[in-house]
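1. Mind folding the following:
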Amino acid sequence: MEKVKQFIDNYYEENLKENFLKSNITKALENKDLASNKDWESSFFIWHRPNSNMNDFEDFSKDFRETMDMYIDQLVKVAEKLSELMCENLSLEKDHMKTAFSGNKGPAVGTKVANILNVRTLNSSEAFESTLMQEGLYSYCKTIKSLVSSSSKMANGDQVEIISNGRYKSILHRVMTGKSGSRLSVATFYNPAPDAVISPAQKLVYPGNYQFQDYLKMYSSTKFLDKGHRFETMKNNVNAENGFHK
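-> Numbers count the residues shown, from 1 in each chain. This next block holds a predicted model:
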């Protein structure tokens, strides 16, 4: 992580900073045109999987490419381990989310690098944040404090909320400009493949399309049992009637 930070810092200083300081975004900031819902940042995107575009960046050094590849390998392991733990918590097969994200060629993994401006100064980055996001958005923060050292966080995105049928929530991402020092964010997205079909896990979906009288018949004999058992029984009955089987 420290080596990635060093490479990204140097890349911004050598290739992006001069043009960014001349951009309309920077001019608006200097004129205190601080409109909300605007990206006050210099950013670029790197694709890693299923296909990499690292070779398209001719000014990336060989050492940087190799370092990023190793870094992403580790982040993918983290993403897949976290997805297994979420599946365990949801009583799903451990590979359910990984399979749902994979499509025909595997998940889409990419990294957005953003140098986020501050209000008073336009210095190079003083803080570094590495973010692993599962089709994600980071946490909503009213204020962002400069980080003394590197840190990392993970957040779920919309697709995890859908697959978990709302049990895991995606989180709104907003970052406010700071009063001193800009902020470097390296956000790696573990996204579904473009052709992945996303839907709630069937095991987590409530029963539906049944006649209420059928529910009442079952309720009278199961009212002292846990409702989860009742819902699961109704779901199985409806599926059997419609020709669906586990």
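
2. Quick one: low-confidence residue ranges for the protein.
-> 25-40, 117-151, 173-182, 242-246 (pLDDT under 70).

3. Do a quick rundown of the helices in it.
-> Secondary structure of the chain (DSSP state H): helices at 2-11, 17-21, 24-30, 62-89, 96-102, 158-163, 212-222, 227-241.

4. Identify each buried residue in the first one, please.
-> Neighbour counts using 16 or more other Cβ atoms under 10 Å place 4-5, 7-8, 11 of helix 2-11 among the buried residues. C-betas here are computed from N, CA, C, even on glycine.

5. cool, the longest one as well?
-> For helix 62-89, a neighbour-count test (16+ other Cβ under 10 Å) marks 64-65, 67-68, 71-72, 75-76, 79-80, 82-84, 86-87 as buried.

6. can you check the second one too?
-> Across helix 17-21, burial judged by 16+ other Cβ under 10 Å covers 17, 20.

7. and the residue lying closest to residue 3 once chain neighbours are set aside, what does it touch?
-> Counting by Cβ to Cβ, 6 or more residues apart in numbering, residue 3 lies nearest to residue 67, which is 5.1 Å off, once chain neighbours are set aside. Contacts for residue 67 (Cβ atoms under 8 Å, 6 or more residues apart in numbering) come out as 3-4, 7.

8. got these as TSV, with distance to residue 206 columns?
-> As requested, the contacts of residue 67 are exported to TSV (distance: Cβ to Cβ, whole Å):
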residue	distance to residue 206
3	48
4	44
7	49
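
9. which of these lies closest to residue 159?
-> residue 4 (25.5 Å; Cβ to Cβ).

10. how close does the closest residue to that closest one other than its chain neighbours sit to residue 235?
-> Distances taken as Cβ to Cβ, 6+ apart put residue 71 closest to residue 4, at 5.3 Å, once the chain neighbours are dropped. Distance, residue 71 to residue 235, by Cβ to Cβ, to the nearest Å: 43 Å.

11. With residue 44 instead?
-> Distance, residue 44 to residue 235, by Cβ to Cβ: 47 Å.

12. Also residue 84?
-> Relative to residue 235, residue 84 is positioned 25 Å away (Cβ to Cβ).

13. Outside of stretch 54-64 itself, list whatever touches it.
-> By Cβ under 8 Å, 6+ apart, stretch 54-64 touches 7, 11, 14-15, 46, 48, 65, 68-69.

14. Grab the two from these that are most spread out in space.
-> 14 and 48 (22.4 Å).

15. ok, those two, which is more surrounded?
-> Using other Cβ atoms under 10 Å, the more surrounded residue of residue 14 and residue 48 is residue 48, with 23 against 10.

16. Pretty sure residue 68 is one of the things residue 188 touches, is it not?
-> No: in this structure, residue 188 is not within contact of residue 68 by Cβ atoms under 8 Å, at 9.9 Å.

17. before we move on, the earlier item: make TSV out of the buried residues of helix 2-11 and add distance to residue 56.
-> Below are the buried residues of helix 2-11 laid out as TSV (distance: Cβ to Cβ, whole Å):
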residue	distance to residue 56
4	18
5	22
7	17
8	17
11	14
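
18. quick revisit: for residue 200, find the nearest of the helices of the chain.
-> Shortest distance between residue 200 and the helices of the chain, using Cβ to Cβ, is found for helix 158-163: 6.2 Å.

19. Tell me the gap between that closest one and the middle of its chain.
-> 10 Å (Cα atoms, centre = their mean, to the nearest Å).

20. in it, what counts as buried?
-> For helix 158-163, a neighbour-count test (16+ other Cβ under 10 Å) marks 159-163 as buried.
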